[in-house]
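> Sequence below, structure please.
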Amino acid sequence: MNLGFQAGVEYTDNVNASQNNPKSDISLTLGPTISGGADMPVLFSGGQRFTLSLAVSYEKSLTGNKGDTFGAPIAASLDLPFYVIGWDVDLNDSFSFTNDPLESSFAVNRTKVPQYNNTASLNVSRRFGQTGLALGASRGDQIYPDDPFLEQTTYSFSITPSFYLREGFSVFLANTYGLYYPSDPAKASSSGYSSSIGVAGQITPNLFGSISVGYAHSTIDAVGTNTAQNIDGISSTMAVTYAQGLRPNTSHTISVFRSPGITAALQNANITEVTGVAYTISHRLNARLTLSPSIQWTHLQSLSGTPAETADLLGFGFSLQRTFTRHLSGVIQYLHQSRTSNLPSSSYDANRITANLTYTF
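Model prediction:
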């Protein structure tokens, strides 16, 4: 386990995510950090892995435009792989807690959303020469202490046959069935399935990732006077990384995604159609300094719920990481977020600059 200490400063020009009355804020952050892994006392034939990262911090606002807070983002994962008659079996449970996820919560028009997330999964796979088969099942729970009506439970079941054109590169057919249960009685539960075909692995000597396209169907159950609703559409994903052969210190990562049925993306919607693209460059300026600019655009359209919302989210910024010594490192980050919505008082622009130093003992 690695123990450390972090100290930082943050400036935000729209801490209250307001369209007409934005307020700026400067705050200081101090606190310890813990990260690392451990071997479990029970031995499995495939090994075992336990990882943990924890950063407890106190945030003090110098302007008073937001309250002082204790932060405790934590992420823990227990991974137990073993073998049964030639099958790879993997049991995994991942738990996380965050209380300031600005990048993810601005979709539902919030700037501070304390939330607990836990995902338990079972995955089974086996190779048969050039073919392979993967089976999976998982349960995910999202808990929001400050807003219980946002809580939800999801189940997912998958079967994915694949054919290996060469080692490390395959064609796959992914089939998934999912169930969604919100805690809000005014929101409908839903179920859906999707099928997609794609390729994954080392596509070219310099290009790695996954590309797929398919079809998705969702059924929203009846609630109150509303009748059941069916939603169909094309789904697609692309997540690839390109490392330049002549410039090994530079890599490009691009992801494109479209789904006709995402749950709980917008505050007043059971199902949201989501389309987006993200692009990031990671460039090592030298052995100690790395620059990572990025840009992302997401379009969300409510397919159910009242009032119906359409929102466009644009974010861009950069991260500059510097290693000073073997124990001391720092990062400066800039983020701009712009939210444009058809609903009144749901659009805003926000900028955030953070500088942080971390010392590991």
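> how far does stretch 133-143 sit from the chain's center?
Centroid separation between stretch 133-143 and its chain, computed with C-alpha atoms, centre = their mean, to the nearest Å, is 15 Å.
> I should have written stretch 222-235 there, sorry.
26 Å.
> got a list of contacts for that stretch?
Residues outside stretch 222-235 that contact it (C-beta atoms under 8 Å, 6 or more residues apart in numbering) are 185-188, 192, 194, 196, 213-221, 258-261, 271, 273, 303-304. Glycine gets a C-beta too; all of them are placed from N, C-alpha and C.
> give the contact list for Pro22.
Per C-beta under 8 Å, 6+ apart, neighbours of Pro22: Asp13, Asn14, Val15, Asn16, Tyr348, Asp349, Ala350.
> Make TSV out of those residues and add neighbour count.
Output for these, formatted as TSV (neighbours: other C-beta atoms under 10 Å):
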residue	neighbour count
Asp13	14
Asn14	19
Val15	23
Asn16	15
Tyr348	20
Asp349	15
Ala350	21
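> among those, which are in strands?
Among those, the members falling in strands (DSSP state E) are Tyr348, Asp349, Ala350.
> quick check, nearest of those to Leu62?
The closest of those to Leu62 turns out to be Ala350 (C-beta to C-beta; 18.2 Å).
> how close does that closest one sit to Asn16?
Separation of Ala350 from Asn16 (C-beta to C-beta, to the nearest Å): 9 Å.
> now Ala311
Distance, Ala311 to Asn16, using C-beta to C-beta: 18 Å.
> What of Ile271?
Applying C-beta to C-beta, the value for Ile271 to Asn16 is 29 Å.
> Ser156 too?
Shown here: Ser156 relative to Asn16, a distance of 36 Å by C-beta to C-beta.
> same thing with Ile332?
As judged by C-beta to C-beta, Ile332 and Asn16 stand 24 Å apart.
> just the helices in this structure please.
Assigned by DSSP state H, the chain shows helices spanning 102-105.
> what number of residues lie near Ser345?
10 (other C-beta atoms under 10 Å).
> show me the contacts for it.
Ser18, Gln19, Asn20.
> Which single one of those residues is nearest to Leu78?
Closest to Leu78, out of all of the contacts of Ser345 and judged by C-beta to C-beta, is Ser18, at 41.3 Å.
> Who's the closest spatial neighbour of that closest one, skipping the chain neighbours?
Sequence neighbours aside, Tyr348 is the residue nearest to Ser18 in space, at 6.1 Å (criterion: C-beta to C-beta, 6 or more residues apart in numbering).
> Which strand residues bridge that neighbour?
Counting by DSSP bridges, Tyr348 is bridged to Arg339.
> what does Trp87 give?
Val84.
> What separation is there between it and Leu135?
9 Å.
> shared neighbours, these two?
Applying C-beta under 8 Å, 6+ apart, one finds that Trp87 and Leu135 are jointly contacted by Val124, Ser125.
> so how many other residues sit close to the closest residue to Ser94 other than its chain neighbours?
Of all residues not flanking Ser94 in the chain, Ser77 sits nearest, at 4.6 Å (C-beta to C-beta, 6+ apart). If you count neighbours by other C-beta under 10 Å, Ser77 ends up with 16.
> And the strands in the stretch 51-200 of the chain, which stretches?
With strands called from DSSP state E, counting those that start in this stretch, the stretch 51-200 of the chain shows them at 57-61, 69-71, 74-84, 87-98, 115-128, 131-143, 152-166, 169-182, 190-204.
> Lowest average pLDDT across those strands?
In terms of average pLDDT, strand 69-71 trails the rest of the strands of the stretch 51-200 of the chain, at a mean of 65.
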